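Student: got a structure for you, letters missing:
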């Protein structure tokens with residue numbers, strides 16, 4: 001095996017390492033509410049989430065992978081060094097925000113990495129503005145959509161069960177929340193695992209290992225397995241932020257949060273739009289919590305999360321750009 005092949009395999013391994021970190025970092029998205037409402041134990045929750053993360057691509061296809069692989073930067077400038085730099089930018093930001101317990105976006109960290117390395121390599125003209133614009137638009141819209149759906153859904157549930165004692169309502173919604181939590185995990189696998197599929201496929205095309213952009217089955221399976229494995233290990237720092245620190249949750253709130261999140265993420269995925277599951281779930285948590293009054297939501301925690309969102313793409317882009325310059329220099 002020659003040095004170039006080892007180099008490419010090393011980059012692919014790094015990509016799947018990012019996918020593992022994505023699952024580890026974003027496990028909270030699908031398990032935080034179901035754990036905080038005590039519907040499932042942590043082990044039971046992450047096991048269920050890992051399973052649905054793994055099978056998602058086989059159910060909903062790989063439209064998001066195509067957007068990431070050829071809809072953010074021009075495929076003509078993709079090189080192994082560019083891909084490696086993008087992955088390093090995303091991984092560094094993921095690890096920093098995991099350590100700080102902030103539910104930032106692995107998805108947008110990867111997009112920021114691609115943008116930073118592409119601009120450093122070939123200038124602003126290397127960006128595909130149609131795909132990037134769509135992604136940035138939904139970076140803002142997706143948490144707002146999650147907030148609106150969760151707020152509206154929870155409002156309807158409050159009115160529908162206003163005269164029913166809360167402990168009776170929660171007894172039923174503990175069962176419903178098993179379904180809604182599974183849907184969030186399915187949507188997470190549908191959107192997030194595909195981002196690594198897109199990057200790896202673009203790399204394989206750039207070095208001539210496959211003739212055109214079409215996600216090979218082994219690439220898809222390994223990406224799904226990596227994110228599922230990361231989910232099993234989970235990111236418990238972020239579980240505490242989403243599930244305990246932002247607002248108080250009962251099973252009925254957990255159900256509304258998860259249902260709103262799944263609807264938003266799956267809808268975006270079917271149109272090939274890469275959204276942040278972290279953003280959507282956080283917006284849904286705030287939307288559901290706001291139905292209990294402004295005082296029940298810890299807006300200070302929410303503000304920290306929003307600041308993390310705002311600096312994710314520029315920070316990961318900067319790290320990726322510097323990494324690319326280092327790779328070229330070496």
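Tutor: On my side now, so go ahead. None of these values were measured; they are calculated from a predicted model.
Student: Now do the SS call for the closest residue to residue 108 other than its chain neighbours.
Tutor: What sits nearest to residue 108 in space, not counting adjacent residues and going by CB to CB, 6 or more residues apart in numbering, is residue 312, at 4.8 Å. The way it works is simple: take the backbone N, C-alpha and C, and place the C-beta from them, glycine included. At residue 312 the chain is in helix, as set by DSSP: H, G, I helix; E, B strand; the rest coil.
Student: surely residue 312 meets residue 109?
Tutor: Yes: in this structure residue 312 lies within contact range of residue 109 using CB atoms under 8 Å: 5.6 Å.
Student: tell me, what's touching the two both at once?
Tutor: Here residue 312 and residue 109 share the contacting residues residue 93, scored by CB atoms under 8 Å, 6 or more residues apart in numbering.
Student: the more surrounded of those two?
Tutor: Taking other CB atoms under 10 Å, residue 312 and residue 109 do not tie; residue 109 has more neighbours (34 against 28).
Student: Next up, identify which helix or strand the more buried one is on.
Tutor: helix 106-122 (DSSP states H and E).
Student: Could you figure out how far whichever helix or strand comes after that helix is turned away from helix 106-122?
Tutor: Counting by DSSP H and E, the next helix or strand C-terminal to helix 106-122 is helix 129-160. The directions of helix 129-160 and helix 106-122 differ by 170 degrees, with axes from the mean of the first three to the mean of the last three CA atoms, to 10 degrees as the criterion.
Student: Off-centre distance for helix 129-160?
Tutor: Going by CA atoms, centre = their mean, to the nearest Å, the spacing between the C-alpha centre of helix 129-160 and its chain's C-alpha centre is 15 Å.
Student: I'd like to know which elements it is packed against.
Tutor: helix 63-70, helix 106-122, helix 251-270, helix 277-290 (3 or more CB pairs under 8 Å, 6 or more residues apart in numbering; DSSP states H and E).
Student: SS state for the residue lying farthest from the centre of the chain?
Tutor: For the chain, the largest distance from the centre (CA atoms, centre = their mean) belongs to residue 163, which lies 37.8 Å off. Residue 163 falls in the coil class when you classify it by three-state DSSP.
Student: now it: how far from residue 170?
Tutor: In this structure, residue 163 and residue 170 are separated by 15 Å, where distance is defined by CB to CB, to the nearest Å.
Student: So what angle separates the directions of the single longest helix found in the chain and helix 251-270?
Tutor: For the chain, the helix that runs over the most residues, judged by DSSP state H, is helix 166-206. With the same axes, to 10 degrees applied, the angle from helix 166-206 to helix 251-270 works out at 20 degrees.
Student: If you count contacts, what does helix 166-206 end up packed against?
Tutor: Contact partners of helix 166-206 among helices and strands, from 3+ CB pairs under 8 Å, 6+ apart: helix 3-36, helix 42-60, helix 63-70, helix 80-100, helix 106-122, helix 217-233, helix 251-270, helix 277-290.
Student: starting at the chain centroid, how far to that helix?
Tutor: Remark: helix 166-206 is offset 9 Å from the chain centroid, using CA atoms, centre = their mean.
Student: which helices and strands sit right next to the helix holding residue 109?
Tutor: Going by 3+ CB pairs under 8 Å, 6+ apart, helix 106-122 lies up against helix 3-36, helix 63-70, helix 80-100, helix 129-160, helix 166-206, helix 277-290, helix 299-329.
Student: avg pLDDT for that helix?
Tutor: When pLDDT is averaged along helix 106-122, the result is 90.
Student: May I see the buried residues of it?
Tutor: 106-122 (16 or more other CB atoms under 10 Å).
Student: by how many degrees do the longest helix of the chain and helix 42-60 diverge?
Tutor: Using the same axes, to 10 degrees, helix 166-206 lies at 50 degrees relative to helix 42-60.
Student: which regions of the stretch 1-150 of the chain sit below the pLDDT cut-off?
Tutor: Scanning the stretch 1-150 of the chain for pLDDT under 70 picks out the ranges 25-30, 32-33, 101-104.
Student: Determine the number of other residues adjacent to the residue nearest to residue 199 when sequence neighbours are not counted.
Tutor: Spatial nearest neighbour of residue 199, excluding adjacent residues (CB to CB, 6+ apart): residue 15 at 5.5 Å. For residue 15, the neighbour count with other CB under 10 Å is 28.
Student: How about the one 3 residues further on?
Tutor: Applying the criterion other CB under 10 Å, we find 28 residues in the vicinity of residue 18.
Student: and the gap between it and residue 315?
Tutor: Using CB to CB, one obtains 16 Å as the distance from residue 18 to residue 315.
Student: That'll do, ta.
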